[in-house]
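Peer 1: Below are the sequence and a predicted model; questions follow.
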Amino acid sequence: MNTIRLTMAQALLRFLDNQYISMDGKKTKFVKGVMGIFGHGNVTGIGEALERSPGSLAYIQGKNEQGMVHAATAFAKQSNRKQIYACTSSIGPGALNMVTAAATATVNRIPVLLLPGDNFASRQPDPVLQQLESPVDYTISATDPFKPVSRYWDRIVRPEQLMTAALQAMRVLTDPAETGAVTLALPQDVQAEAYDYPLAFFEERVHYIDRRPPAADTIRRAAELMVGRRKPLLIAGGGVLYSEASKQLASFAEAFGIPVAETQAGKSAMPWNHPLHVGAIGVTGTLAANLLAKEADLIIGVGTRYSDFTTASKSAFANPDVQFININISGFDSYKLNGVALTSDAREGLKSLQELLTETGYQSGYEQDVSQLKEQWDREVERLYTFDHPAGIAQTRAIGVINEVIDPSSVIVCAAGSLPGDLHRVWRSVELKTYHMEYGFSCMGYEVAGAFGVAIAEPDREVYAFVGDGSYLMMHSELVTSLQEKRKITILLFNNHGFQCIHNLQRGHGSDGFGNEFRYRSEESGQLTGGYLPIDFSAHARSLGANAYKVQSAEELKQALEAAKQETVTTLIEIPVVPGTNTDGYESWWNVGVPEVSVSAKVLQAHEEMDKRIKATTLI
């Protein structure tokens, strides 16, 4: 057997450089490169390998470990999970900084490969700098917290173990039903140890993503369930985009006259102006979609995991006879809500069901209902887009201006705060894959890093990060990386002086408002009730090397957006918006848990109202 002597780190990179996926006959190089921050846990192992023998793998220098994993996640998400970046860190705090982002990837079913450094496998020297010592289990290290947030986890304590671990990692990363974060913990001494690896390990390996067809009996049961159902509703989730099933979704909807609602992950799978598109569903849903959901006697979920925001904490589907057909590549998701589990590729599932329903002559019972509700909602969006607030720029007005000015092919990125709700409801996506929302984890700090990742995946599109001041303060470090890599993004910073989304939530459930605005501490009350902190975000962006604008009116925002289009480097536009001018309501509800006992009558009343809603919700 022919072999080559390499360090474990060198062998890992050589292996990753030869991994490909094939879907629908098209082969794609799977691992684009490595994002990393070096420390003593990886600099002389993977660091040496990246410096001396990277092959064709690109290296991107991260500025925050969590941020670089968010960027890698966004890259893979925008690439429909067909290409990834691996992420390497040192041990201890460097590794732990990636845990939050690992969970973000896993919750969203997005592949990302994490390569954190780990303690010396030899335990010499011991304890090493930044080592976590457990007096009850000495095998525990700072990489163990990755276990619950990873779809596959391994610690490579001998260089030859890489061969098994690497193949298992690729199995999970390339499986659309199992994918998420994969963690290979790499002890820093083992990274540098050599082994005679068989050359066959490094041969080009193609991982075939075969479209899983639905079982014939399942299609038959789903078709039988639809007989007599007059008010079906399609819910498009992220799986529609990942399986590239947008055309099939439209064909299915048009064939049977079924309206289409969308989750955050599924938005932009269908253009907003399609006659059957009724917009967002659930807690952040449109009035049209939520009214249709309330009356629906059948829900056909396609590629959705049915989060509580999608189901409005299971209250969205109020028809006592409602049934579910769940088309999902993941059996875990297709079995939810006691539905007919049509476990298959989204495109193939829709196609097979459409063929059988066509034979039966099925049609929904909608007449003018859908068009009337759609027209009503379109008028409401126009009202929100043109709403002028006497105190300044309303958040919905700013969104309307942005939607009007930027190119329809541009990609918008968001994740947390009040912006996801507004964008889900009122943003008008025309072109495919132009709406990139991380809302599985709604991780604050994803926005700027995510926009950078999208810009790598979509070099020919303008990319806009929608971010609140709270999220920006949590993490903006990859702004610098975007400058370093010459990948322009435009950051739209909505400054409303704090965590106003949660401020609204607490005040809606009995609070007077506490701890959520960026105010000085008052000497009189001892609380954060003084004046707003005067933070100049545009000046901060300029200090990092970006261009920046600050606007005070809708007209100035238009001018700044037009000017930003001409910029060649990352640009920030600071938009002061009036707190509380976000959207809310529209037949939605969210179960957040309200105290049963309180000294506040308002809290007790809120609990009573919440309890009534909970008792009225009976879905499994």
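Peer 2: Received it, and whenever you're ready, just let me know what you need.

Peer 1: okay, now the domains of this protein?
Peer 2: Using automatic domain parsing, the domain parsing of the chain gives 3-208, 216-368, 386-497+533-576.

Peer 1: Could I get the contacting residues of residue 329?
Peer 2: 176-177, 212, 239, 243, 303, 343-346 (CB atoms under 8 Å, 6 or more residues apart in numbering). All C-beta spots, glycine's among them, are computed from the backbone N, C-alpha and C.

Peer 1: Likewise for residue 553?
Peer 2: Applying CB under 8 Å, 6+ apart, the residues contacting residue 553 are residue 393.

Peer 1: 10 Å instead, please
Peer 2: 388, 392-393, 397, 401, 559 (CB atoms under 10 Å, 6 or more residues apart in numbering).

Peer 1: Between those residues, which sits nearest residue 115?
Peer 2: The nearest member of the contacts of residue 553 to residue 115, counting by CB to CB, is residue 401 at 42.7 Å.

Peer 1: Based on its surroundings, how many neighbours for the closest one?
Peer 2: 23 (other CB atoms under 10 Å).

Peer 1: go on, the one 5 residues further on?
Peer 2: Counted with other CB under 10 Å, residues neighbouring residue 406 total 20.

Peer 1: where do the strands sit along the stretch 101-250 of the chain?
Peer 2: For the stretch 101-250 of the chain, the strands defined by DSSP state E, counting those that start in this stretch occupy 112-118, 152-155, 181-187, 194-198, 205-208, 232-236.

Peer 1: Using a markdown table, lay out the ones you listed together with distance to residue 434.
Peer 2: Formatted as a markdown table, the strands of the stretch 101-250 of the chain follow (distance: least, CB to CB, whole Å):
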| stretch | distance to residue 434 |
| --- | --- |
| strand 112-118 | 22 |
| strand 152-155 | 32 |
| strand 181-187 | 26 |
| strand 194-198 | 44 |
| strand 205-208 | 28 |
| strand 232-236 | 15 |
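
Peer 1: Looking at those, spot the one closest to residue 295.
Peer 2: That would be, of the strands of the stretch 101-250 of the chain and by CB to CB, strand 232-236, which comes in at 8.8 Å.

Peer 1: about what we covered before: need the buried ones from the contacts of residue 329 selected in PyMOL.
Peer 2: The buried residues among the contacts of residue 329 can be selected in PyMOL (16 or more other CB atoms under 10 Å) with this line:
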select buried, resi 176+177+212+239+243+303+343+344+345+346
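
Peer 1: Inside helices: which ones of the contacts of residue 329?
Peer 2: Using DSSP state H, the members of the contacts of residue 329 that fall within helices are 239, 346.

Peer 1: which among the contacts of residue 329 gets closest to residue 591?
Peer 2: When the contacts of residue 329 are compared for distance to residue 591 (CB to CB), residue 303 comes out closest, at 24.1 Å.

Peer 1: Tally up the residues packed near residue 321, please.
Peer 2: A count of nearby residues for residue 321, using other CB under 10 Å, gives 8.

Peer 1: Where does it sit: helix, strand or coil?
Peer 2: Put simply, residue 321 is coil when judged by DSSP: H, G, I helix; E, B strand; the rest coil.

Peer 1: Would you mind measuring from the nearest residue to it once chain neighbours are set aside to residue 552?
Peer 2: The shortest distance from residue 321 to any non-neighbouring residue, by CB to CB, 6 or more residues apart in numbering, is to residue 297 (5.5 Å). Distance of residue 297 to residue 552, given as CB to CB, to the nearest Å: 50 Å.

Peer 1: quick one, which of those two is more surrounded?
Peer 2: Each of residue 297 and residue 552 has its neighbours counted (other CB under 10 Å); residue 297 has more, 18 against 12.

Peer 1: how close does that one get to residue 47?
Peer 2: From residue 297 to residue 47 the distance is 59 Å (CB to CB).

Peer 1: Mind jotting down where the strands sit in the stretch 301-450 of the chain?
Peer 2: Under DSSP E, counting those that start in this stretch, the stretch 301-450 of the chain gives strands at 323-328, 340-343, 411-414, 435-437.

Peer 1: I'd like to check the angle between the longest one and strand 232-236, please.
Peer 2: With axes from the mean of the first three to the mean of the last three CA atoms, to 10 degrees applied, the angle from strand 323-328 to strand 232-236 works out at 30 degrees.

Peer 1: how far out from the middle of the chain is strand 323-328?
Peer 2: Put simply, strand 323-328 sits 22 Å off its chain's centre (CA atoms, centre = their mean, to the nearest Å).

Peer 1: List the strands paired with that strand, with their directions.
Peer 2: Strands adjacent to strand 323-328 in the sheet, as given by DSSP bridges, are strand 298-302 (parallel), strand 340-343 (parallel).

Peer 1: now what about the shortest one, what contacts it?
Peer 2: What it means is strand 340-343. Contact with strand 340-343 is made by 177, 212, 214-215, 218-219, 221-226, 298, 300-302, 323-335, 348-350, 352-353, as judged by CB under 10 Å, 6+ apart.

Peer 1: And those residues, which of them are buried?
Peer 2: Buried among those (16+ other CB under 10 Å): 177, 212, 214, 218-219, 222-223, 225-226, 298, 300-302, 323-330, 333-334, 348-350, 352-353.

Peer 1: closest one to residue 374 among the domains of the chain?
Peer 2: When those are compared (using CB to CB), the closest one is domain 216-368, at 5.5 Å.

Peer 1: So for residue 110, what's the pLDDT?
Peer 2: Here, the pLDDT recorded for residue 110 equals 98.

Peer 1: Check the gap between the residue nearest the centre of the chain and residue 69 for me.
Peer 2: Taking CA atoms, centre = their mean, the centroid of the chain lies closest to residue 438, which sits 2.3 Å from it. Distance from residue 438 to residue 69, counting by CB to CB: 12 Å.

Peer 1: Common neighbours of the two, please.
Peer 2: Joint contacts of residue 438 and residue 69 (CB under 10 Å, 6+ apart) are 104-105, 446, 449.

Peer 1: Just the buried subset of those, please.
Peer 2: 104-105, 446, 449.
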